[in-house]
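Asker: how does the following fold in three dimensions:
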Amino acid sequence: MTYQEVLENARKNLAPRCRVCRECDGRACRGEVPGAGGKGTGSAFVRNVEKLREITLNMDVIYDNKGQDSTVTLWGRTFAAPVFGAPIGGMEHNYTPALDEAGWTKAVVYGCAGAGVLAFTGDGVKDPLMDLPLQWIKERGGLGVPTIKPWRMEKVLEKLEKAKASCPVAVAMDVDSAGLPFLSGQGGDAGPKSVEALKKIATAAGLPFLVKGVMTVEGAEKARQAGAWGIVVSNHGGRVMDFAPATCEVLPEIKAAVGDTIKVFVDGGVRTGVDVFKMLALGADGVLIGRPLVTAAYGGGAEGVRIYMEKVIGELRDTMKMTGCATIADITGDKIRR
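Answerer: Numbers count the residues shown, from 1 in each chain. Below is the predicted model:
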């Protein structure tokens, strides 16, 4: 199967919820929530893509080339590249029944693992949205990061125990999902979390704990105070707040503030290995990709996800070659122009 065939299959399987546009930039699906779009005017989704596109690269091919090594070690594991699947769930709610929750979660966990990386997995109102990926994570030797919604504490701790039983490398909470309509409508069952609440969750996790949905220096500092191992700079793909800045705009100041005291991951508008390179040059330790994995899974299941992720990793290595980078550590701010 080729990537082009994956896209052709996805267009059939995702219609009419997602058009599988030539460029996934949020313009055609503005305001389509449920669906693949951004909230309200869709400006945050669109901005994620636009601002990342505006960053250019500094080419440098006068050096002693000994090849490119894109591997990275995190959580005691070595990965093909610092590129991971973002947590997504509720496929039949947001997309189409051509792929059910079991098919989606297995495709993303197995597909990412097949490419030498891993996926953050999702959660939702219905238990299977979290329980199914835990099964696949356990089968793949813990290759996954279960990501829990910001439910009331009792429910969080219950789901945390389930997650730990799958022996994952880490666990996360996407606090940004507090803005999702279907969660905020659960009678106050989910919502923002205080530093003290996050501290309790981080302690109970007993594993590296990441807080996803950080968009300010203040937010990063709060996550660090709570004992988070890392954060994910994310505006939830523009799905929870209109007119949010792009993640690539706030990433440098957040990284400058926390330095190496915690790991800083990022998502938002990432489509190619070139985009991954830009995020790494802006200071990210790891990069998450969301919507394109949905397309890949609907177009080819686990094989489609593997094909896409291998394509991205290949693009990253090619960009490294053209900018004089032998390793991930060489991807620094002077390699880009913004």
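
Asker: residue 78 - how many residues pack around it?
Answerer: The number of residues packed near residue 78 is 10, by other CB atoms under 10 Å. C-betas here are computed from N, CA, C, even on glycine.

Asker: and residue 243, by the same measure?
Answerer: Neighbour tally, residue 243, other CB under 10 Å: 11.

Asker: just confirm it is within a helix.
Answerer: No. Applying DSSP: H, G, I helix; E, B strand; the rest coil, one finds residue 243 to be coil, outside a helix.

Asker: can you tell me the closest non-neighbouring residue to it?
Answerer: Of all residues not flanking residue 243 in the chain, residue 43 sits nearest, at 5.2 Å (CB to CB, 6 or more residues apart in numbering).

Asker: give me the pLDDT for that neighbour.
Answerer: As predicted, residue 43 sits at a pLDDT of 98.

Asker: thought it was touching residue 235?
Answerer: No. Counting by CB atoms under 8 Å, residue 43 does not reach residue 235; the two are 10.6 Å apart.

Asker: for the stretch 101-250 of the chain, just list every one of the strands.
Answerer: 120-121, 145-148, 171-174, 209-214, 230-233 (DSSP state E, counting those that start in this stretch).

Asker: dump those strands into CSV; add mean pLDDT and mean neighbour count as well.
Answerer: Shown next, in CSV, are the strands of the stretch 101-250 of the chain (pLDDT from 0 to 100; neighbours: other CB atoms under 10 Å):
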stretch, mean pLDDT, mean neighbour count
strand 120-121, 98, 29
strand 145-148, 97, 27
strand 171-174, 98, 28
strand 209-214, 98, 27
strand 230-233, 98, 28
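
Asker: now render those as TSV, adding distance to residue 239.
Answerer: Below are the strands of the stretch 101-250 of the chain laid out as TSV (distance: least, CB to CB, whole Å):
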stretch	distance to residue 239
strand 120-121	16
strand 145-148	15
strand 171-174	11
strand 209-214	11
strand 230-233	14
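
Asker: compare these and report which one is nearest to residue 255.
Answerer: With CB to CB as the criterion, residue 255 lies closest to strand 230-233 of the strands of the stretch 101-250 of the chain, at 8.5 Å.

Asker: using CSV, list the CA coordinates for the closest one.
Answerer: Only the C-alpha atoms of strand 230-233 are listed here, as CSV (Å, rounded to 0.1, in the frame of the first residue of the first chain):
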residue,chain,number,x,y,z
GLY,A,230,6.5,16.9,31.3
ILE,A,231,4.0,19.0,29.5
VAL,A,232,2.4,19.1,26.1
VAL,A,233,2.0,22.6,24.7
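
Asker: from the contact counts, what lies against that strand?
Answerer: Applying 3 or more CB pairs under 8 Å, 6 or more residues apart in numbering; DSSP states H and E, we find strand 230-233 packed against strand 209-214, helix 217-225, helix 247-258, strand 263-266.

Asker: skipping adjacent residues, who's closest to residue 117 in space?
Answerer: Once flanking residues are discounted, residue 117 sits nearest to residue 79: 5.0 Å by CB to CB, 6+ apart.

Asker: hang on, that neighbour packs against residue 71?
Answerer: Yes. Taking CB under 8 Å as the definition, residue 79 is a contact partner of residue 71 at 6.5 Å.

Asker: was I right about residue 275 contacting residue 267?
Answerer: No. Taking CB under 8 Å as the contact criterion, residue 275 and residue 267 are not neighbours in contact, 10.4 Å apart.

Asker: between these two, which contacts overlap?
Answerer: Contact criterion CB atoms under 8 Å, 6 or more residues apart in numbering; residues shared by residue 275 and residue 267: residue 287.

Asker: neighbour count: those two, which is higher?
Answerer: More crowded of residue 275 and residue 267, by other CB under 10 Å: residue 267, with 27 against 24.

Asker: residue 337 versus that one, what's the distance?
Answerer: 23 Å (CB to CB, to the nearest Å).

Asker: buried deepest among the helices and strands packed on strand 230-233, which one?
Answerer: Greatest average neighbour count among these goes to strand 209-214 (a mean of 27), per mean count of other CB atoms under 10 Å.

Asker: run me through the strand neighbours of that one, direction for each.
Answerer: Applying DSSP bridges, strand 209-214 is found paired with strand 171-174 (parallel), strand 230-233 (parallel).
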